[in-house]
Every structure is written in C-alpha cells, then in structure tokens.
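Asks: the amino acid sequence is not available; the structure is as follows:
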C-alpha cells in the first residue's frame, strides 16, 4: 500500500447500531496513525493518536485499534447516535511533519 | 484557547486578482500547515512551517506563496490562480510533528472564476 486508504467511503446506519471502518496505511517507515472527526461546517477534530502495534484507544463510545505490521487501523462506534454523523479521517505519519490523509468515511446515523 | 482561526471563510476571486488567506493560533504551537482539499479527495499537504521556517513545500505552484510573519500567524498569498485551484484551504497547527495531533481551522472555501 503506497497511500492511505479508507473504507467504506460512506455508510448509513440506524441509531443504536454499532459500526466500524478501516484505515490502511503503508507499514514501512510508520511513526503514528491519527483519527479525526469532521462534522459539517466545523473543523476536523482529533480523536486518537496511536503509535504502537496493538495499541487500543477509547473515548466514550468510540474506540480504535492499530496493527502496524500489516498496516491497518479500525475505528469502532458502539451504539451510534445521530450526533456521531460526520466524516472520519485517518492520517499516517513517518515521523516528520508530513501527515498523509485518507479520503475519509462519511457516516450518517439515521434517527 | 485551543482554536485555529482562519479568515475569510469564503472567497471568490478572478484569475488576475491577488488575495491572501490568514490563519492564527495562540496555543504556542511551533508547526503550522496549509492543506488543500477538493471534494471527495483527501486533504493534500501544501506547506509546513516549523519554528517560523518553511520546512516542507510539496512542489506547490508559485502562484501560491506562504508566509509566516511570526509563530502565531500563517498567511497564504494567492496570485493568478486558475479555476482548478478552487478548493477548501485548511490551516492546521501542532506542537511538533509526527505523533502530535493537528488542530485545524474551519477552512476557507475558495472559488476562482
């Protein structure tokens, strides 16, 4: 993998459903993996920064895992709520100021 | 104060105009970034300033000219842009790079006619 790739591109879920998305990144020269939430008409906001293989982070109903050997990270949302509707971006860095973003997963939670 | 402030929020300009985008942060961050994002594409890095010096220029055309007057301010000067330069321009800052999270502004939506 040469770029950062995210799947799916978009997702509609019902309120209360749990969901997850994937971020794939180059595993060579890996330094850190970031997740951001971007609500419409607002600024992207950092959720997690992970650096170690096997890292798991949690913030309320949202959690993320990291596999640096195979180059992927999962973001999980438990019991989705309408306020979780946003675009979720991941970014990979190789230790410099160069953060490479994926295209994002657009989540819509239906009430 | 954990805000990055960008002005203007919207900008329409002709191909012969000169305009500037502004970005300000007061978090004491030492790195500031310009990203460009077109619809359904990932944010694309343009420039990075580290300690007020240009450290990354991702081969951006010279019609985009960045400036970092001090550690809190970042400008992007625009001249003779093309319609394909229409995009959302995002500014961000971080304490350092790599494993430091980025703080973003809400962006300037630029339209070039």
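Replies: Happy to help now that I have it. No experiment lies behind these values; they were computed from the predicted model shown.

Asks: from here on, just use CA atoms for contacts and neighbour counts.
Replies: Will do.

Asks: how much space separates the most centrally placed residue in chain B from residue B:105?
Replies: The C-alpha lying nearest the average C-alpha coordinate of chain B belongs to residue B:34 (C-alpha atoms, centre = their mean; 3.0 Å). Counting by C-alpha to C-alpha, to the nearest Å, the gap from residue B:34 to residue B:105 is 10 Å.

Asks: about what we covered before: now for the strand or helix carrying the residue nearest to the centre of chain B, which elements pack on it?
Replies: Element membership of residue B:34 [criterion: DSSP states H and E] is strand B:31-37. Packing partners of strand B:31-37 (3 or more C-alpha pairs under 8 Å, 6 or more residues apart in numbering or on different chains; DSSP states H and E): strand B:44-50, strand B:87-94.

Asks: quick one: contacts of that strand?
Replies: With contact meaning C-alpha atoms under 8 Å, 6 or more residues apart in numbering or on different chains, strand B:31-37 is reached by B:43-52, B:74, B:87-97.

Asks: return a ChimeraX selection command for the buried portion of those residues.
Replies: What follows is the ChimeraX syntax selecting those of the contacts of strand B:31-37 that are buried according to 16 or more other C-alpha atoms under 10 Å in any protein chain shown:
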select /B:43,44,45,46,47,48,49,50,52,74,87,88,89,90,91,92,93,94,95,96,97
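
Asks: filter the contacts of strand B:31-37 down to the ones near chain A?
Replies: Within the set of the contacts of strand B:31-37, contact with chain A (C-alpha under 8 Å from any C-alpha of the partner chain) is found for B:43-45, B:48, B:96-97.

Asks: and the residue lying farthest from the centre of chain A, how far from chain B?
Replies: Most distant from the centre of chain A: residue A:111, at 22.6 Å, with distances by C-alpha atoms, centre = their mean. Residue A:111 is 25 Å from chain B, where distance means C-alpha to the nearest C-alpha, to the nearest Å.

Asks: thought that residue was touching residue A:14?
Replies: Yes - at 6.4 Å, residue A:111 and residue A:14 qualify as touching, with contact defined as C-alpha atoms under 8 Å.

Asks: relative to the helix or strand bottoming out on mean pLDDT in chain A, what are the paired strands and their orientations?
Replies: Using mean pLDDT, DSSP states H and E, strand A:99-101 stands out as the lowest-scoring helix or strand of chain A, at a mean of 93. Next to strand A:99-101 in the sheet, as set by DSSP bridges, lie strand A:86-93 (antiparallel).
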